[in-house]
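**Student:** When you get a sec, could you give me coordinates for this:
(one chain, ligands or ions: 2)
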Amino acid sequence: MNILGIETSCDETSVAVIADGREILSNVILSQAEHSKFGGVVPEVASRTHLRTIVPIYREAMEEAGVSLDDIGLVAATMGPGLVGPLLVGLTFAKGLAFARSIPFVPVNHMEGHLAANILQHAGLDQRHLTLIVSGGHTMLVEVKEFGEYEILGQTKDDAAGEAFDKVAKIMGLGYPGGARVDKLAVEGDATYFKFPRPLLKDDTFQFSYSGLKTAVALYLNKLSPAELDKHRADIAASFQEAAVEVLVEKTLRAAQRHNIRHVTISGGVAANSRLRQWLADRLEKAGKKLFYPTGELCTDNAAMIAAAGYYRFQKDGAGEMVANAVPYLKLA
Ligand SMILES: Nc1ncnc2c1ncn2[C@@H]1O[C@H](COP(=O)(O)OP(=O)(O)OP(=O)(O)O)[C@@H](O)[C@H]1O
Ligand SMILES: [Mg+2]
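**Tutor:** Ligands and ions are numbered 1, 2, ... in the order given. Presented below is the predicted three-dimensional model:
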C-alpha cells in the first residue's frame, strides 16, 4: 500500500509517499527560510508560506514517487502538537484530498511520527524499545511497549534540548536555526574548555531541564570580551554541547538499564547531533545494548515519518475520523 504523508506542524512544508511503512518513494521537505531574519519561527508567516507551497510540494512528491492519487491507499497528516495555523493548512489539505477521492485518512501525532522514523528505517528494531525524543519542542524518554503503547518515563520540566541549542547559537551569533551549526563548530573545539552545569544529571528521575544551562551560557558569554569570544568560539560551542549531551546520554543509558531494554532509539532534530550519536552509541554498546537513529533528513521534521506513523496506526486502529481537528498541545500518551 502507498501512503501519502503530510507534515506542516511548524516551519517545514513536507509531503512524502512511502510504501508499506518501510520504503520511501519520495520525501520532499521545504524548510521555510523566511524566519531566519526574525531569529525564530513567526507562526503567521509559517501558515502563509504553507498555504503557498503545499500544492507545489505535493505535486513534486507525487511526481518523484511516480504515482497518482489512484495509487494512494491512505492519507496521513500531522494533527498536533505544533502551531495551530500551520497544522490546519496540512490537515485540511489532507482531509480534502482523502474526502474527494474516498481514501482512508489517519491524523498523526507529530511525536509518534518522530519515533516512527526509526521503525521505518530499521527493520531489525525490537517492537519493545526505549526512545529518546529530542527536538525543538520536546525532550522525553519513552518506553515503547509496542507501536501505539507508550509509557513516558520522563520529560523536560522547562525548555527542550533543541531550544537550548538554538538559543546558544543565537547568542553566539551563529544564526537560526542553530543546532546543526553548534554541532559543526564544536567538532573543532575543546569540550573541556569550560565546565557548564549538567542540569539534573545526578537526579534519579528521568526528568530534564535545559533553561538553566541556556542561561549559564548566556551569563558566561556576557562576561567575555569580543576578542576572547572570537578566539574560543569553537571551544565554547563544544563545552556547551558536552553539557547538553551528557545529561541525555546518562539518563537514556540509566533508563535502558533500569527497565532492562535492549534496543534504544533517538529521534527528533537533536538526534542528528554527532556527539550525541557517537557518545550514546558507545555507552550503550559497552552495556550490551544497541542504538538506532534515523538518517539526518528523517530526524528533523519530514512527512515520511508521518506517513509511516499513519500506516502503523491504520494497521492497529483502522482509519481515523475525518472530523479530526488540529490540537496544538496534543500529548503522546
Ligand atoms: N546536529 C544538530 N545538533 C543539535 N541540534 C540539532 C541538530 N540538528 C538540528 N537540531 C535541532 O533540532 C531542532 C529541530 O528539530 P525538529 O524539527 O524535530 O523540532 P520541532 O519540530 O521544531 O519540535 P517538535 O518536534 O518538538 O515539535 C532545532 O532545535 C535544531 O536546532
Ligand atoms: Mg519535530
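**Student:** In contact with residue 263, which residues are there?
**Tutor:** 125-126, 128-130, 289-290, 292 (Cβ atoms under 8 Å, 6 or more residues apart in numbering). (Each C-beta comes from the backbone N, C-alpha and C, glycine too.)
**Student:** ok, which of those residues also contact ligand 2?
**Tutor:** Within the set of those, contact with ligand 2 (Cβ under 5 Å from the ion) is found for no member.
**Student:** I'd like to know which of those residues are buried.
**Tutor:** When the contacts of residue 263 are checked for burial by 16 or more other Cβ atoms under 10 Å, the buried set is 125-126, 129-130, 289-290, 292.
**Student:** Dump the residues you listed to JSON lines, plus distance to residue 262 and secondary structure.
**Tutor:** Below are the buried ones among the contacts of residue 263 laid out as JSON lines (distance: Cβ to Cβ, whole Å; DSSP: H, G, I helix; E, B strand; the rest coil):
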{"residue": "125", "distance to residue 262": "10", "secondary structure": "coil"}
{"residue": "126", "distance to residue 262": "6", "secondary structure": "coil"}
{"residue": "129", "distance to residue 262": "8", "secondary structure": "strand"}
{"residue": "130", "distance to residue 262": "9", "secondary structure": "strand"}
{"residue": "289", "distance to residue 262": "6", "secondary structure": "coil"}
{"residue": "290", "distance to residue 262": "7", "secondary structure": "strand"}
{"residue": "292", "distance to residue 262": "11", "secondary structure": "strand"}
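**Student:** Following the chain onward from the longest helix along the chain, which element is next?
**Tutor:** Determined from DSSP state H, the single longest helix within the chain is helix 226-258. Once the chain leaves helix 226-258, the next helix or strand it forms, by DSSP states H and E, is strand 263-267.
**Student:** Backbone dihedrals for the residue in the stretch 201-333 of the chain positioned nearest to ligand 1, both of them.
**Tutor:** In the stretch 201-333 of the chain, the residue that lies nearest ligand 1 is residue 269 (2.0 Å; Cβ to the nearest ligand atom). Backbone torsions for residue 269, taken as degrees, to the nearest 10, come to phi -50, psi -40.
**Student:** For it, the count of nearby residues, please.
**Tutor:** When neighbours are counted by other Cβ atoms under 10 Å, residue 269 registers 24.
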